[in-house]
Structures are given as structure tokens and as C-alpha cells.
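Q: Give me coordinates for this.
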Amino acid sequence: MSTATAIAMIIAIVAIAIAIWAFLRMRNTTRLRSKFGPEYDHEVQRAGDRTRAEAELTKREKRVNKFNIRELSQQERRRFADAWTKEQSRFVDDPKTAVLNADALVIELMTTRGYPMSDFQTQAADISVDHPRVVGHYREAHDVAELCRRGQAETEALRRSMVHYRALFEDLLGTTVVERQREEVTK
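A: Here you go, the predicted model:
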């Protein structure tokens, strides 16, 4: 084999390896975009780099895969739905308490489902793996709850926070509270 042939083979092998690497990376990007939806874009913007963002999202997946996430029993689902209905009703008379209770209820629901509770950023990251379409709701609702704790939230922000909490809550619950109430009426 001549030197030119050996060099051509090495170049061909390197080119194939680069093509395979590029294909696998593109496939991973497509998979992560599809799985995480808007959370993918949020993480790319936060990280400032697609490679770092994808590494973070992959790390989240691996972390959450170690958890024992479970579905709720019918009894648990009913109890949480009833608690949510109570907090929505409380909003009319005491919006601040309703928002703070909604925040606590979401944390209780997440804990019951099997998500470990730590700092908010870790909670949001964990939720993003299985509930990427609503994690933005969680962030916005939680921001308002923090303003509420400092006495700085206005009524309209509190209202929006309850709407965001409801979207997250219903996604975690696995049904809408209204659907569940209709099911009970028709039984």
C-alpha cells in the first residue's frame, strides 16, 4: 500500500467518523428539542450555548430517571383536586394566602409523585424532564409567590400566578380539576 493510499484511507476514516459524530449530535438535538419543547430554548438561552444546554438537559434526564416517580391513586388524585378547588375558592377573599397555599400544594403534589424537594431551581429542572410544557408556568407562578412573601405582589399578578399554578397542578395531577368534578357528578 502506498503512502498516498494510506493517507486517503485515513482521511476517509476521519471523514466518516466526523459524519457519524455530526449525525448523532443532530439526532440528539432533535430528540431533546422534541422532548423538552420550550424548555429546550429556555435552557439554550440560559446557558448561552447549545452544547452546554444539551449537556444540562441530558444530565436532568439521567437524574430524574433515578427517581421513583409514580402516578397518583384515585383517592390521592381526588384529595389533591379537592384541595386545589378549595384554594381557588379562597382566592376571591384572600388572594395572597391562596397563592402561597397553591405553591405549598404543588410542592406536596410533587413530593407525593416522587420528586425530591430541594431548592426551587432543582425542582423546576426536575419537573422539566417529565412536564416540559408547564415548567414555565411553575417558574412564573413561583416568582409571584416570592413577591407575595415579600408583600410586593399585586392582585393581577396573584391572579396570573393561580392560572400558572393551575396549569402545572393539572399536568402533575394527570387530569383537569373540572374534568374530575364532572366525572364525580355523572357517577
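
Q: and residue 155, how far is that from residue 141?
A: Separation of residue 155 from residue 141 (CB to CB, to the nearest Å): 15 Å. Every C-beta, even on glycine, is put in place using the N, C-alpha and C of the backbone.

Q: same question, residue 133
A: With distances taken as CB to CB, residue 133 is found 14 Å from residue 141.

Q: Can you list phi and psi of the spatially most central residue of the chain for me?
A: The residue lying closest to the centre of the chain (CA atoms, centre = their mean) is residue 128, at 2.3 Å. Per-residue torsions, residue 128: phi -60, psi -20 (degrees, to the nearest 10).

Q: Might one say that it is in contact with residue 37?
A: No - the pair residue 128 and residue 37 does not pass the contact test of CB atoms under 8 Å, sitting 9.5 Å apart.

Q: count of residues packed around residue 130?
A: Using other CB atoms under 10 Å, residue 130 is surrounded by 17 other residues.

Q: try residue 51
A: Look at residue 51: counted by other CB under 10 Å, it has 11 neighbours.

Q: can you list contacts of the helix or strand hosting it?
A: In the assignment (DSSP states H and E), residue 51 maps to helix 50-65. Outside helix 50-65, the residues within contact range by CB atoms under 8 Å, 6 or more residues apart in numbering are 28-29, 32, 35-36, 39-40, 43-44, 46-47, 125-126, 128-130.

Q: that older thread, so residue 133 and residue 141 - more neighbours on which side?
A: residue 141 (27 against 14).

Q: does that one sit in a helix, a strand or a coil?
A: Here residue 141 is recorded as helix under DSSP: H, G, I helix; E, B strand; the rest coil.

Q: what about the closest residue in space to it that isn't next to it in sequence, which SS state?
A: Nearest non-adjacent residue to residue 141, counting by CB to CB, 6 or more residues apart in numbering: residue 164, 3.7 Å away. In the three-state summary, residue 164 is assigned as helix, counting by three-state DSSP.

Q: List the contacts of residue 164.
A: The contact partners of residue 164, by CB under 8 Å, 6+ apart, come to 137-138, 140-141, 144.

Q: Got the domain ranges for the chain?
A: Residue ranges for the domains of the chain, per automatic domain parsing: 3-65, 74-186.

Q: so which of those domains is the most packed in?
A: domain 74-186 (a mean of 17; mean count of other CB atoms under 10 Å).

Q: Who are the packing partners of the top helix by length along the chain?
A: Longest helix in the chain, counting residues (DSSP state H): helix 3-36. Where contact means 3 or more CB pairs under 8 Å, 6 or more residues apart in numbering; DSSP states H and E, helix 3-36 is packed against helix 38-47, helix 50-65.

Q: change it to 10 Å
A: helix 38-47, helix 50-65, helix 120-130 (3 or more CB pairs under 10 Å, 6 or more residues apart in numbering; DSSP states H and E).
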